[in-house]
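Colleague: Test case, fold it:
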Amino acid sequence: MRILHTSDWHLGRSFHREGLLGHQAAFVDHLVETVRSDRVDLVVVAGDVYDRALPSVDAVAVADDALRRLAGLGVPVVLTAGNHDSARRLGFAADLICAAGIHLLTDPARVDRPVWVEDDHGPVAVYGLPYLEPDVLREPWGLPDRSHEAVAREAMRRVTAHRDGPGGGARTIVLAHTWVTGGQPSDSERDITVGGVSQVSADVFTGADYVALGHLHGRQRISDTVRYSGSPLPYSFSEANHTKGCWLVELGKDGVERVDFVAAPVPRRLARVRGTLEELLASPAHTRHEDHWLQVTLTDTLRPRAAMERLRTRFPYALLLDFAPEGRAAATTQWADRLRGRSDRDIIRDFVEVVRDEPAGPDELALLDAACDACTGARVLEALPGEGGADRRRGTGAPEVLAS
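Modeller: From the prediction side, this is the model:
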């Protein structure tokens with residue numbers, strides 16, 4: 001049996017205000033073609049189908065297109081909910097939709113009810129563990145503590161009891177949306193820490209032939225049979241060097257026989273670049289970055305005027321701009337020397353001109369002057385002794401109650 005393991009589509013997500021639905025639709029095209037060309041027998045999606053509990057109409061349309069096309073190929077799909085999904089909404093009409101070969105395993109109360117598929121070696125039980133919220137499940141499941149480890153162990157206890165029950169012994173696939181110890185996060189996952197604990201030991205899943213994990217956005221091998229597929233697209237600059245895609249798993253008579261990674265196309269790559277503004281604008285080494293989404297760190301000693309506007313003349317997809325001046329200590333001393341003897345008004349006017357690349361207008365100058373006057377008056381008041389100044393500052397800060 002050939003199983004394609006994917007997760008964390010996050011349909012509807014944006015990247016620093018840039019819409020990604022077109023890129024996500026391109027991934028769906030790639031996914032469907034992979035299923036067709038590689039003769040995949042089963043697709044498993046380990047949670048976070050959507051980026052929000054209430055996805056946009058356009059995001060739902062992309063999901064609908066993916067599932068409809070996969071069903072049209074006659075390939076069963078098993079899908080579970082992640083921490084970004086609304087399990088109830090994602091699982092709507094699950095018992096009806098399964099007739100089309102789309103199996104939505106989103107209900108924690110039904111973790112021990114697998115989807116059954118078959119190959120030449122017999123039946124395979126596919127169990128889905130949606131994102132399990134410890135605070136929600138602790139009481140109904142009678143758990144000793146509110147941790148992800150506790151809910152995952154109880155869910156797998158139920159899975160194991162079913163697997164080893166009457167008629168048991170089938171090969172087992174488990175989908176789980178959780179953070180397994182040893183997995184490395186990126187900057188784009190939502191924190192699921194509860195009580196200071198967010199991780200689950202890999203031994204929770206002992207006994208499963210393959211564990212298809214979701215939640216972490218980088219592809220990762222926890223063990224030969226426990227893996228994260230990662231997200232199909234990079235969702236943070238910390239993923240700039242990730243290779244995105246899916247795991248193609250060969251399940252034989254006695255378990256997993258082979259696992260290959262199928263890389264997905266990335267419509268627009270990410271990069272982090274660093275240097276002075278002039279270096280970045282002139283260096284041929286950055287030609288390859290001209291069509292990338294960029295996080296730029298400028299190292300100019302003094303902040304250049306209109307830096308982002310100038311960067312975008314060469315790098316139209318620059319999205320983030322940071323400053324890390326080289327020789328900052330020396331520059332601070334020089335700047336202090338330049339400010340010595342200048343008035344607050346002059347410093348503020350220069351600041352506005354540097355930031356906006358144009359001087360303040362007459363109305364703005366009047367407002368800045370009024371603000372300077374107000375601040376100067378406040379400083380004078382604080383310097384006075386008695387009720388308005390030093391004596392007041394030595395008080396407790398509590399209002400004084402006067403006798404009538």
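
Colleague: all contacts plus neighbour counts: C-alpha atoms, from now on.
Modeller: Noted.

Colleague: before we move on, what SS does residue 296 have?
Modeller: strand (DSSP: H, G, I helix; E, B strand; the rest coil).

Colleague: do you know how far it is from residue 282?
Modeller: 15 Å (Cα to Cα, to the nearest Å).

Colleague: what's around residue 37, how many residues?
Modeller: Counted with other Cα atoms under 10 Å, residues neighbouring residue 37 total 9.

Colleague: CA atoms only: put the helix or strand encompassing residue 88 into CSV for me.
Modeller: Using DSSP states H and E, residue 88 maps to helix 87-90. Listed next in CSV are the C-alpha coordinates belonging to helix 87-90 (Å, rounded to 0.1, in the frame of the first residue of the first chain):
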residue,chain,number,x,y,z
ALA,A,87,-13.1,20.2,14.7
ARG,A,88,-16.9,20.4,14.7
ARG,A,89,-17.1,22.5,11.6
LEU,A,90,-14.5,20.5,9.7
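
Colleague: what's the spacing between it and its chain's center?
Modeller: In terms of Cα atoms, centre = their mean, to the nearest Å, the centre of helix 87-90 is found 20 Å from the chain centre.

Colleague: mean confidence for that helix?
Modeller: For helix 87-90, mean pLDDT rounds to 96.

Colleague: If you count neighbours, what's buried in it?
Modeller: For helix 87-90, the neighbour count (16 or more other Cα atoms under 10 Å) marks 87, 90 as buried.

Colleague: what's in contact with stretch 16-36?
Modeller: Contact with stretch 16-36 is made by 4, 9, 11-14, 40-41, 58-59, 62, 66, 69-70, 73, 232-233, 264-267, 319, as judged by Cα atoms under 8 Å, 6 or more residues apart in numbering.

Colleague: Alpha carbons of it, in PDB - could you do that?
Modeller: Only the C-alpha atoms of stretch 16-36 are listed here, as PDB (Å, rounded to 0.1, in the frame of the first residue of the first chain):
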ATOM      1  CA  HIS A  16       3.000  39.300   6.100                       C
ATOM      2  CA  ARG A  17      -0.200  40.400   4.400                       C
ATOM      3  CA  GLU A  18       0.500  38.700   1.200                       C
ATOM      4  CA  GLY A  19      -2.300  36.300   0.200                       C
ATOM      5  CA  LEU A  20      -1.300  32.600  -0.300                       C
ATOM      6  CA  LEU A  21      -4.400  31.000  -1.700                       C
ATOM      7  CA  GLY A  22      -3.000  30.900  -5.200                       C
ATOM      8  CA  HIS A  23       0.100  29.200  -4.000                       C
ATOM      9  CA  GLN A  24      -2.000  26.800  -1.900                       C
ATOM     10  CA  ALA A  25      -4.100  26.000  -4.900                       C
ATOM     11  CA  ALA A  26      -0.900  25.200  -6.800                       C
ATOM     12  CA  PHE A  27       0.100  22.800  -4.100                       C
ATOM     13  CA  VAL A  28      -3.300  21.100  -4.500                       C
ATOM     14  CA  ASP A  29      -2.600  20.600  -8.200                       C
ATOM     15  CA  HIS A  30       0.800  19.100  -7.300                       C
ATOM     16  CA  LEU A  31      -0.800  16.800  -4.600                       C
ATOM     17  CA  VAL A  32      -3.500  15.500  -7.000                       C
ATOM     18  CA  GLU A  33      -0.900  14.900  -9.800                       C
ATOM     19  CA  THR A  34       1.400  13.000  -7.300                       C
ATOM     20  CA  VAL A  35      -1.500  10.800  -6.200                       C
ATOM     21  CA  ARG A  36      -2.200  10.000  -9.800                       C
END
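
Colleague: can you tell me the distance between the two ends of stretch 157-169?
Modeller: OK, stretch 157-169 end separation, Cα to Cα: 15 Å.

Colleague: what are the ranges of the helices in the stretch 151-300 of the chain?
Modeller: Counting by DSSP state H, counting those that start in this stretch, the stretch 151-300 of the chain has helices at residues 277-282.

Colleague: Can you read off the pLDDT for residue 384?
Modeller: In this prediction residue 384 is given a pLDDT of 60.

Colleague: how about residue 24, phi and psi?
Modeller: For residue 24, the backbone dihedrals (degrees, to the nearest 10) come out as phi -70, psi -40.

Colleague: so how many other residues sit close to it?
Modeller: 23.

Colleague: The one 5 residues further on too?
Modeller: Residue 29 has 14 neighbouring residues, counting by other Cα under 10 Å.

Colleague: Relative to residue 151, how far out is it?
Modeller: 36 Å.

Colleague: What of residue 117?
Modeller: For residue 117, the distance to residue 151 - Cα to Cα - is 26 Å.

Colleague: circling back: quick one: mean pLDDT for whatever helix or strand comes next after the helix holding residue 88?
Modeller: Stepping forward along the backbone from helix 87-90, the first helix or strand reached (DSSP H and E) is helix 94-97. For helix 94-97, mean pLDDT rounds to 95.

Colleague: Give me the pLDDT value at the residue nearest to the spatial centre of the chain.
Modeller: In the chain, the residue lying closest to the centroid (Cα atoms, centre = their mean) is residue 188, at 2.3 Å. Predicted confidence (pLDDT) for residue 188: 82.

Colleague: wouldn't it be in contact with residue 217 here?
Modeller: Yes - taking Cα atoms under 8 Å as the definition, residue 188 is a contact partner of residue 217 at 7.4 Å.

Colleague: For the stretch 251-400 of the chain, which residues score under the pLDDT cut-off?
Modeller: Low-confidence segments of the stretch 251-400 of the chain (pLDDT under 70): 327-335, 354-357, 377-400.

Colleague: can you give me the strands for it?
Modeller: 255-263, 270-275, 293-298, 318-323 (DSSP state E, counting those that start in this stretch).

Colleague: Need the residues that contact the first one.
Modeller: Strand 255-263 has contacts (Cα under 8 Å, 6+ apart) with 171, 209-210, 225, 243-251.

Colleague: can you put these in CSV and add neighbour count and distance to residue 315?
Modeller: Below are those laid out as CSV (neighbours: other Cα atoms under 10 Å; distance: Cα to Cα, whole Å):
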residue, neighbour count, distance to residue 315
171, 23, 52
209, 20, 47
210, 23, 44
225, 20, 42
243, 20, 23
244, 21, 24
245, 25, 27
246, 25, 31
247, 21, 34
248, 23, 36
249, 22, 40
250, 17, 43
251, 21, 46
